[in-house]
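Q: the sequence isn't on hand, but the structure is:
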């Protein structure tokens with residue numbers, strides 16, 4: 001009888017000890033993960049504060065008066081907010097006209113990229129033609145060339161075309177970007193071929209397939225291309241500085257670079273110009289942020 005009792009109680013004891021060790025191990029592992037997660041959040045919070053500090057300083061400086069700005073001590077708060085720096089910026093410069101010039105250039109460049117780059121990406125992703133892979137590899141290899149190397153050849157080419165002091169050298173080369181073509185090819189390759197074959201069987205032309213099937217499925221891609229293309233053109237500085245001569249044709253970056261000379265020692269006016277220049281970018285980002293994340297995560301239909 002004693003042997004039977006030992007045989008019946010021993011497995012229970014072993015199971016209890018095993019379960020206790022497993023529970024303790026799981027609890028310690030969960031606690032370790034929680035501690036690591038807390039440290040990750042702390043690191044991200046510190047990084048966010050460090051990255052946001054320049055923007056916060058720009059924001060408060062744009063609303064400080066000249067007298068408050070002239071104080072010796074550095075203040076991270078606005079004692080008496082004022083719109084006087086914004087008024088002096090708009091009255092003393094052609095800021096609004098430069099903003100319109102930048103908007104026109106950025107709009108035309110964005111529309112070109114949103115139309116031509118998915119079209120090229122569709123050809124490389126869903127069509128077979130001689131030398132397709134070699135042409136695509138050749139296009140990708142051009143991304144390895146630094147932009148500074150092409151400044152002089154591009155300027156000489158624009159001079160020979162008679163494009164100096166016009167917006168054409170800022171718009172025409174930017175209508176199709178190799179990076180956006182690559183991004184479009186990778187995104188469109190996720191679309192099932194059966195969907196395209198079914199449209200062809202129904203008698204759809206390639207243009208109708210592209211505009212009525214491919215483009216509606218590429219909304220996250222189009223949002224990403226639109227945002228990146230608009231911001232790249234809106235913030236462009238080297239191109240306008242090289243090609244534009246008349247001040248009435250200047251863009252936002254050129255006008256901001258001139259503020260240091262016209263409003264020397266008035267950092268509030270300079271910060272006001274920088275603050276207004278990032279407003280369109282912030283608006284576009286907050287509207288299309290989900291589409292941007294979705295596009296770079298390669299979401300979409302899969303075969």
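A: Received, thanks. Predicted model, so just to flag it, every value in this text is computed and none were measured. Numbers count the residues shown, from 1 in each chain.
Q: tell me which helix or strand residue 190 sits in.
A: For residue 190, there is no enclosing helix or strand under DSSP states H and E.
Q: neighbours around it, how many?
A: 15 (other Cβ atoms under 10 Å). Glycine gets a C-beta too; all of them are placed from N, C-alpha and C.
Q: just the pLDDT for it.
A: Among the per-residue scores, residue 190 holds a pLDDT of 88.
Q: so how far is residue 227 from the closest residue to residue 218 other than its chain neighbours?
A: Nearest non-adjacent residue to residue 218, counting by Cβ to Cβ, 6 or more residues apart in numbering: residue 118, 5.7 Å away. Separation of residue 118 from residue 227 (Cβ to Cβ, to the nearest Å): 15 Å.
Q: now swap in residue 69 and tell me
A: With the distance defined as Cβ to Cβ, residue 69 ends up 34 Å from residue 227.
Q: nearest residue to residue 175 in space, please, no chain neighbours.
A: Leaving aside its sequence neighbours, residue 175 sits nearest to residue 112 (Cβ to Cβ, 6+ apart; 3.2 Å).
Q: does that neighbour count as helix, strand or coil?
A: The three-state assignment at residue 112 reads helix, by DSSP: H, G, I helix; E, B strand; the rest coil.
Q: name the element residue 158 belongs to?
A: For residue 158, the host element (DSSP H and E) is helix 151-161.
Q: do the same with residue 163
A: Applying DSSP H and E, one finds residue 163 in no helix or strand.
Q: run through the residues that contact it.
A: Residue 163 is in contact with 169, 243, counting by Cβ atoms under 8 Å, 6 or more residues apart in numbering.
Q: so what's residue 122 up against?
A: Shown in contact with residue 122 (Cβ under 8 Å, 6+ apart): 184, 188, 210, 214.
Q: the last one touches residue 191, doesn't it?
A: Yes. At 6.9 Å, residue 214 and residue 191 qualify as touching, with contact defined as Cβ atoms under 8 Å.
Q: who has more neighbours out of the two?
A: For the pair residue 214 and residue 191, the greater number of neighbours falls to residue 214 (24 against 20), based on other Cβ under 10 Å.
Q: what's the neighbour count on residue 72?
A: 4.
Q: show me what contacts it?
A: No contacts exist for residue 72 under Cβ under 8 Å, 6+ apart.
Q: ok, now the one 10 residues further on?
A: For residue 82, the contact set (Cβ under 8 Å, 6+ apart) comprises 63, 64, 65.
Q: please redo it, this time with the cut-off set to 10 Å
A: The contact partners of residue 82, taken as Cβ atoms under 10 Å, 6 or more residues apart in numbering, are 62, 63, 64, 65, 66, 67, 68, 268.
Q: out of the residues you listed, who's nearest residue 155?
A: Taking Cβ to Cβ as the measure, residue 155 lies nearest residue 62 of the contacts of residue 82, at 34.9 Å.
Q: hang on, the closest one packs against residue 87?
A: No. With contacts counted by Cβ atoms under 10 Å, residue 62 stays clear of residue 87, the gap being 11.8 Å.
Q: out of those two, which sits in the busier spot?
A: It is residue 62, of residue 62 and residue 87, that has more neighbours when counted by other Cβ under 10 Å, with 24 against 12.
Q: distance-wise, check that one relative to residue 88.
A: Taking Cβ to Cβ, one finds residue 62 at 11 Å from residue 88.
Q: joint contacts of these two?
A: Residues touching both residue 62 and residue 88 (Cβ under 10 Å, 6+ apart): 268, 269, 272.
Q: chain neighbours aside, what residue packs nearest to the first one?
A: What it means is residue 268. Per Cβ to Cβ, 6+ apart, closest to residue 268 is residue 85, 4.0 Å.
Q: tally of neighbours for the one you found?
A: Neighbours around residue 85, by other Cβ under 10 Å: 25.
Q: give the buried residues for the one helix or strand it maps to.
A: Using DSSP H and E, residue 85 sits in helix 84-92. Neighbour-count burial for helix 84-92, with 16 or more other Cβ atoms under 10 Å as criterion, is recorded at 85, 86, 88, 89.
Q: one more: stretch 216-226?
A: Neighbour-count burial for stretch 216-226 flags 217, 218, 220, 221, 222, 223, 224, 225, 226 (criterion: 16+ other Cβ under 10 Å).
Q: how much space between the first one and residue 229?
A: With distances taken as Cβ to Cβ, residue 217 is found 20 Å from residue 229.
Q: quick one: contacts for residue 64?
A: By Cβ under 10 Å, 6+ apart, residue 64 lies in contact with 70-71, 75, 77-82, 84-85, 267-268, 271-272.
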